[in-house]
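Chemist: Requesting a structural model of the entry that follows:
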Amino acid sequence: MLSDRNLERLERKVFDVLLFHLKQDRKKLIDGLNSRIKILNDWHPQFIKTARKGYNASDLDTGAERIFSSFFAPILRFPNSSPIGSDLMYEHSDAFIHIEIKTSLIGNEADYKGKVNIGVNQTSYGIPRGFTPNLPTYYMNKQKSCLTYAIHIIHEHAKPNIIALSLICIPNGQLYKHYQKSIIRAGKSGFTGARDIRYKYAAEPHFKLLKQQNNQTYFRIEMVCLDKKFKPQDITTIKNLPVHFWI
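Modeler: Have a look, this model is predicted:
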């Protein structure tokens, strides 16, 4: 079992590895995410028919998972078949890494402004007498940490327009005493018996312990790329957030 500071240091170390590869192959990723447009007329009418009435669903929800599964396969190498976990789950030398792929339409601000929706199987961060997650803080009798991340894609419906792609690190549940309830908002069904929550990264966007130790700003969210017509605060409510590439 790691100290709180070493656990946060590990979270950041893996964050940097994921961010490096996302930056390196961002064009390949965007091309993959836009590949659905080439066959738009073959799937779009059926998609609209099955969409929930009154709700504009992301047409990238399922397809984005395929793109990132293929992308990370040669990098992280060791997927895990646990039925309880994120869209993607890999075993590392000292951690199990969960990566959840989230997509939101630019018109649905409630889905992305400073927050990301996280399911009960996608985090170890809980709230006492409130939200109980299904992931452990450690695996294998506390030998390997549980690390959870989200890749959040903001896009236009049925268009080759990826507006923002961000990497987000959700704190491990062991760190609750440092972040507490301020970073969590209720999901659509409230807290009691909830199957999801909203991780409000804007409430504390930094790796808090690393910031205190080194007096530097280490963000828990960074934007791999952002459409030039937008500012970071338009998507995240955070003004000084790192943006690595403008598209």
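Chemist: so what's K231 up against?
Modeler: Each residue near K231 by CB atoms under 8 Å, 6 or more residues apart in numbering is listed here: K239. Quick note: C-beta positions are derived from backbone N, CA and C, even for glycine.
Chemist: From the centroid of this protein, which residue is nearest?
Modeler: Nearest to the mean C-alpha position of the chain, counting by CA atoms, centre = their mean, stands A150 at 1.3 Å.
Chemist: Which other helices and strands does the helix or strand containing that one contact?
Modeler: A150 belongs to strand 144-155 when assigned by DSSP states H and E. In terms of contacts (3 or more CB pairs under 8 Å, 6 or more residues apart in numbering; DSSP states H and E), strand 144-155 is packed against helix 4-24, strand 95-105, strand 116-119, strand 138-139, strand 162-170.
Chemist: Okay, now the sheet partners of it, with direction.
Modeler: Strand 144-155 has the following strand partners under DSSP bridges: strand 95-105 (parallel), strand 138-139 (antiparallel), strand 162-170 (antiparallel).
Chemist: Redo those as a markdown table? Include mean neighbour count.
Modeler: Converted to a markdown table, the strands paired with strand 144-155 look like this (neighbours: other CB atoms under 10 Å):
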| stretch | mean neighbour count |
| --- | --- |
| strand 95-105 | 23 |
| strand 138-139 | 18 |
| strand 162-170 | 23 |
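Chemist: count of residues packed around D111?
Modeler: 19 (other CB atoms under 10 Å).
Chemist: quick one: contacts for the residue nearest to it when sequence neighbours are not counted?
Modeler: Closest residue in space to D111, ignoring its immediate chain neighbours: S104 at 4.0 Å, by CB to CB, 6 or more residues apart in numbering. S104 is in contact with 58, 111-112, 152-155, counting by CB under 8 Å, 6+ apart.
Chemist: if I look at the residue nearest to Y139 when sequence neighbours are not counted, how far off is L175?
Modeler: Distances taken as CB to CB, 6+ apart put F96 closest to Y139, at 5.2 Å, once the chain neighbours are dropped. According to CB to CB, to the nearest Å, F96 and L175 sit 17 Å apart.
Chemist: ok, now A95?
Modeler: From A95 to L175 the distance is 14 Å (CB to CB).
Chemist: now G190
Modeler: 24 Å.
Chemist: what stretches of the chain score poorly on pLDDT?
Modeler: Residues of the chain meeting the criterion pLDDT under 70: 52-55, 189, 191-193.
Chemist: need the helices for it, in chain order.
Modeler: 4-24, 26-33, 40-50, 61-76, 176-179, 208-214, 232-236 (DSSP state H).
Chemist: possible to save those helices as TSV with distance to L135?
Modeler: Output for the helices of the chain, formatted as TSV (distance: least, CB to CB, whole Å):
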stretch	distance to L135
helix 4-24	14
helix 26-33	26
helix 40-50	30
helix 61-76	17
helix 176-179	14
helix 208-214	20
helix 232-236	24
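Chemist: Tell me which of those is the most buried.
Modeler: helix 232-236 (a mean of 20; mean count of other CB atoms under 10 Å).
Chemist: tell me which strands and helices that one is in contact with?
Modeler: Helix 232-236 packs on strand 162-170, strand 221-226, going by 3+ CB pairs under 8 Å, 6+ apart.
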